Structure formats: C-alpha cells, structure tokens
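Student: Structural data only, the sequence is not supplied:
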C-alpha cells in the first residue's frame, strides 16, 4: 500500500476557506460586515497575520471588499468583480504570443455574437448612436490618442445594445486587456483609414439588418487589425 499524501495547508488558507463557505452558503450576505479582526482571531484561534492574509485572499477572489479603516464587507456579486480578480492571470497570459492569440479568439466570438444581435434587433436610436460614434471616429483620425478612444467607443456602443451588465463587463474587460494590441496596430500606415472604413461597413450591415454581413464585416475588421499588430511585433 502506497503512503497517503497528506495535504498541508497554511493556516490563513484554512481561515479563508471557512469564511468563503460562510459567504457562499449565505450565512454572510452581500453588504454585510465581517466580524472585526480581533473577533476572527479569537474565533479561529490564530494570530493577526493569518487573519489578514485570509482577508486579502478573499479580496483578491472578489468575495469581500476592504476599505481604508472600514470593516471588511461581503462584496455584491458582479461580473466586473469577477473579471477584476482575473487581471493578474490575464496579464500573465498576455505576456506570451500564445496567450494573446487565445484572447483574440475569445474577443472574436464575443464581438461576432454582439454584432449579429445588433443587426437583428437594431433600433433607430441605436443606429443613431452608432452613427455618432463613427462620426467621432472619423473626426479623430489626425489625433492618435483620441482615435484610439473613439475606436474603442464604437465597439462599446455595439456591446451596450445587448443591455446585459455581464456582457458589457466582459466586453469592456476584453477591450482593456487587448488595448495595447489596438494601440500597436493603429501605428501601422493607413490603419486609421482602414479602421474607419471597416466601422462604416459594420454600420451599413447593421442598418441593412443583415447579421451575416455584419459578422463578415466585424470578422474582417478584427482580423485585419490583428494582422497589423503581429506584423509590427514581428518586425521589432
């Protein structure tokens, strides 16, 4: 018989796991304050460092909020909070070429789903908002920082049309995570002209209520931008 492998966990991990259980089972509810650190020390029979490490672990996981001088509180569940907790891992993935390609694939799926829905369900107000975003994009061609912002804003209008806070949070996170790629791609010659022309095609497909054409336009737009990014990276 092979010897059993006994898992040795640090004290703060055990404290964090217990508190997490209280949160997930509803014994500690969103917005509710956790007991003071001294009470937690007494309850678990541990020192202050273990309690502090446990609270930091839960904060990083998006389960609690810790304010300056204020007691720790159970966080209210949100997609934004979940995505924020993922940032260190995302940054690590984006430090590699493979990680960048994986996130490009994810963003492509998200953008295609959003633009198909927009083409199927577009309202006059949404189309007006998208036209205004395209106009801002075209006016900013000579101003690089403003153009980057208007480029992101055009896609955000499409994401916002979904009306789902979780989808909007995911889209916004993806845009932020891949912002450096967009900034690099836009340095390529004529990339601003190509980008505004692509946005115009996307808008036209949405106005025509043609999901297939909207998908094709969005796919071509993103893939062309990524091609410019990889060209710049490989030329370094």
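Tutor: Structure received. Just so you know, these numbers come straight off a predicted model, no measurement behind them.
Student: does residue 228 sit in a helix or strand, and which one?
Tutor: helix 211-235 (DSSP states H and E).
Student: Give the closest residue to residue 131 in space, chain neighbours not counted.
Tutor: Closest residue to residue 131 apart from its sequence neighbours, by CB to CB, 6 or more residues apart in numbering: residue 203 at 6.7 Å. For every residue, glycine as well, the C-beta is placed using N, CA and C.
Student: So the one you found sits against residue 132, correct?
Tutor: No: counting by CB atoms under 8 Å, residue 203 sits too far from residue 132 to count as a contact (10.7 Å).
Student: Tell me which of these two has more neighbours.
Tutor: residue 203 (22 against 13; other CB atoms under 10 Å).
Student: which residues touch the more buried one?
Tutor: Residue 203 is in contact with 127, 130-131, 134, counting by CB atoms under 8 Å, 6 or more residues apart in numbering.
Student: Surely it is in a strand?
Tutor: No: remark: residue 203 does not belong to a strand; assigned using DSSP: H, G, I helix; E, B strand; the rest coil, it is helix.
Student: what comes up buried for the helix holding residue 228?
Tutor: Within helix 211-235, the residues that qualify as buried are 211, 213-218, 221-222, 224-226, 228-230, 232, counting by 16 or more other CB atoms under 10 Å.
Student: now what about it, what contacts it?
Tutor: 97, 104, 107-108, 111-112, 115-116, 118-120, 181-182, 184-188, 191, 194-195, 198-199, 201-202, 204-206.
Student: Just the buried ones from those?
Tutor: 104, 107, 111-112, 115-116, 118-119, 181-182, 184-186, 188, 191, 194-195, 198-199, 201-202, 205-206.
Student: Centre-most residue in the protein?
Tutor: Residue closest to the average C-alpha location in the chain (CA atoms, centre = their mean): residue 173, at 1.8 Å.
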